[in-house]
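Student: got a predicted structure here, sequence first:
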Amino acid sequence: MAAVKRPIMTMKHQIYKIIKDEICNGHYPPGYWLQEKELAAKMDVSRSPVREALKQLVDEGLAIDYPNKGVFVKEFTSKDIEEIYDVRIMLESYAIKNSVKLITSNDIKVLRELIDNLSECYDKNDLNQYIEYDTELHQYIIKMSGNSLVMDIYKRIYSQTQQFRIYSLTTQKRFDNSIIEHKTMVENIFAGKWEEADEINRRHLALAREEIIDHIEATRKAESTEK
């Protein structure tokens, strides 16, 4: 059997992925100063690949480079979240419509496995792992669109909300409804009912957006009160 080819990761890409994961996991929170020297020392590398990695994070919108100050993890506003989710809804609607036309037996198998994984995490009340499979499901539907440009745009947009993923399911009611929404959406895709699937997904994303905005505004209010 031929060996499976794996992408070769450059030093810069490895460092980029480490920092990005730390941002998305909340270890580097919004407003955190990503100090080039400190990061290089922490990862035991030269400052050059760290500088390149930070530039990529700035290009992707996960960080902001303030002249004469440094690079900081981006602090998202309610308006940012509104705009990001508007684009997500447009891209996912396009993907759902196309997926019905292009769906294969392998796609059906993958989607069923993802729904099974989501259901298992839900039954175990494992929110963190549930969110990981949630991400995989939405990204796979985008992949099913067959449009590489849509996939590239979605990857950039989605990465900007990853640090807020857990806040979209903060209440038990949203967690309960989320699994139903995912199952029903996928069932409609299998049945070729893209309009029904799209409507369910639009409602699902709109509710997630509201939860994240509520979290951001509550955090801002708490910070303002402390000052």
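Tutor: Good, I have the coordinates. The structure displayed is predicted, hence computed values, not measured ones.

Student: residues in contact with the helix or strand encompassing residue 153?
Tutor: For residue 153, the host element (DSSP states H and E) is helix 148-159. Here helix 148-159 makes contact (Cβ atoms under 8 Å, 6 or more residues apart in numbering) with 20, 24, 60-62, 84, 87-88, 91-92, 94-95, 135, 138-139, 142-143, 145. Quick note: C-beta positions are derived from backbone N, CA and C, even for glycine.

Student: so which residues make contact with the helix or strand following it?
Tutor: Tracing the chain past helix 148-159, the next element assigned as helix or strand by DSSP H and E is helix 172-190. Helix 172-190 has contacts (Cβ under 8 Å, 6+ apart) with 96, 99-100, 103, 108, 111-112, 115, 118-119, 122, 127, 130, 134, 137, 141, 168-169, 194, 196-197, 200-201, 203-204, 207-208, 211.

Student: can you check stretch 103-116 too?
Tutor: Residues contacting stretch 103-116 (Cβ under 8 Å, 6+ apart): 99, 133, 136, 137, 140, 144, 182, 183, 186, 189, 190.

Student: and of the residues you listed, the nearest to residue 217?
Tutor: Residue 217 has its nearest neighbour among the contacts of stretch 103-116 in residue 182, at 26.5 Å by Cβ to Cβ.

Student: how near is that closest one to residue 117?
Tutor: Separation of residue 182 from residue 117 (Cβ to Cβ, to the nearest Å): 11 Å.

Student: cool, and residue 130?
Tutor: Between residue 130 and residue 117 the computed distance is 9 Å (Cβ to Cβ).

Student: now residue 42
Tutor: Residue 42 is 33 Å from residue 117, by Cβ to Cβ.

Student: what's the mean pLDDT across the longest helix seen in the chain?
Tutor: Longest helix in the chain, counting residues (DSSP state H): helix 194-226. For helix 194-226, mean pLDDT is 89.

Student: so which bits of that helix are buried?
Tutor: Using 16 or more other Cβ atoms under 10 Å as the test for burial, helix 194-226 gives 194, 196-198, 200-202, 204-205, 207-209, 211-213, 215-216.

Student: ok, stretch 167-178 next?
Tutor: In terms of neighbour count (16+ other Cβ under 10 Å), stretch 167-178 has its buried residues at 167, 168, 169, 174, 178.

Student: how far away from the center of its chain is it?
Tutor: Counting by Cα atoms, centre = their mean, to the nearest Å, stretch 167-178 is centred 16 Å from the centre of its parent chain.

Student: low-scoring stretches of this structure, by residue?
Tutor: Along the chain, segments meeting pLDDT under 70 span 1-9, 226-227.

Student: returning to that earlier point: neighbour count for residue 182 and residue 117, which is higher?
Tutor: Ranked by neighbour count (other Cβ atoms under 10 Å), residue 182 and residue 117 place residue 182 first, with 24 against 17.
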